[in-house]
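> Starting from these lines, generate the structure:
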Amino acid sequence: MATAIRECASVAAAAAAPWADMETDCLVHVFRRLDLEDLAAAAPLVCRGWRRAAADTSLWRALDLRRDHVARFMPWGALAAAFARRYGVERFTFAGLLRLCVARAGGSAADLALPPLLASPAADLDHISIRCPTLRRLALPQVPSCDEARLPELIPRWPLLEHLDLDAKPSSCFPALAAQLALHCPNFTSLKISGAIKPEDAAALASSLPRLRSLCLDRSYLPKQQLLAILSGCGELREFSARSCVGFDDKDEEVTKRGARIERFETGGSRLVDELEDELAGGDEFCNSSYVDVM
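Below is the predicted model:
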């Protein structure tokens, strides 16, 4: 925030105008460099002009709350202290910050990325679906299995959705989710998921989302049969990534041939199940990012 404030001060000096009388458009331009936390907990308290500028809905259309480390949202962190000091908030919660950001967006949020901190996923997702009807990009953390079934029900509330990023593929309702995306989101072209890709999941991708342009399945359990079914059904893919997967060999000739038509085709680090079992049996270290959780 310090850099942005210095820039704002230099603009004010050049215009020979008091801070409070600076043009709102100028302040909004400078505030685009601020983190959401600074927009929420610092800028509005400087003066009325800054409060007015910080409330501009254009500053809240991209709500990237996944960036950096989740520790900054903890009750003992600097952000919680800032809210306590400036707003008298006794118990800081991520859900409260999320609702503040969504409210500031005024229904115009287009991009939302959430960290794995949802204390009440069902309630938070319901709130987002109602207050953010214009979402085009949505990134969600792993949703508890008891709440997964709600995801397909929420999709119709985001008719403009173009990209969906799920930390973990829903284990029980992915075909229903794909069907809802096909039915209610005509501009949907980009999907990122990770998990066990079952035959019914591959069939759902091929039948419900054949117009996908970008698909990322990194670190998934992805048998060759499912992979070939996806590549065959999703004929408009321009980007496809299945790196560090288990279930097929990244040097398989048939897979390579099928992927030759795709502009960006990445499968590096993927291996057959028996190859992974051999490595684990050999005592190699496997607690790192190159291994997939085979569900």
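> tally of neighbours for residue 24?
Residue 24 has 14 neighbouring residues, counting by other Cβ atoms under 10 Å. C-beta: built from backbone N, CA, C; applies to glycine.
> right, and residue 100 touches residue 39 too?
No: taking contacts as Cβ atoms under 8 Å, residue 100 lies outside contact range of residue 39: 9.8 Å.
> show me the contacts for residue 241.
215-218, 264, 266-267 (Cβ atoms under 8 Å, 6 or more residues apart in numbering).
> Against residue 267, how distant is it?
Noted for residue 241: a distance of 8 Å to residue 267, by Cβ to Cβ, to the nearest Å.
> now the helices for the chain?
With DSSP state H as the criterion, the chain has helices at 2-15, 24-31, 36-41, 48-54, 78-87, 94-105, 121-131, 145-148, 150-154, 174-184, 199-208, 224-233, 253-259, 273-281.
> Worst mean pLDDT among those?
Within these, confidence is poorest for helix 2-15, with a mean of 48 (mean pLDDT).
> what's around residue 78, how many residues?
By other Cβ under 10 Å, neighbour count at residue 78 equals 11.
> got it, and residue 159?
14.
> again with the one 4 residues further on
A count of neighbours around residue 163, defined by other Cβ under 10 Å, yields 18.
> can you tell me which residues contact it?
Applying Cβ under 8 Å, 6+ apart, one finds that residue 163 lies in contact with 136-138, 188-192, 214.
> ok, residue 100 and residue 39, which is more surrounded?
More crowded of residue 100 and residue 39, by other Cβ under 10 Å: residue 39, with 22 against 17.
> so how far is residue 267 from residue 155?
Using Cβ to Cβ, residue 155 is found at 29 Å from residue 267.
> Kindly report the same for residue 80.
Residue 80 sits 43 Å away from residue 267, going by Cβ to Cβ.
> okay, those two: which has more neighbours?
When residue 80 and residue 267 are compared for neighbours, residue 267 comes out ahead with 23 against 20, by other Cβ under 10 Å.
> for that one, what are its contacts?
Contacts for residue 267 (Cβ under 8 Å, 6+ apart) come out as 241-243, 245, 248, 250, 255, 259.
> My guess is residue 169 contacts residue 196. True?
Yes: using Cβ under 8 Å, residue 169 is in contact with residue 196, at 7.2 Å.
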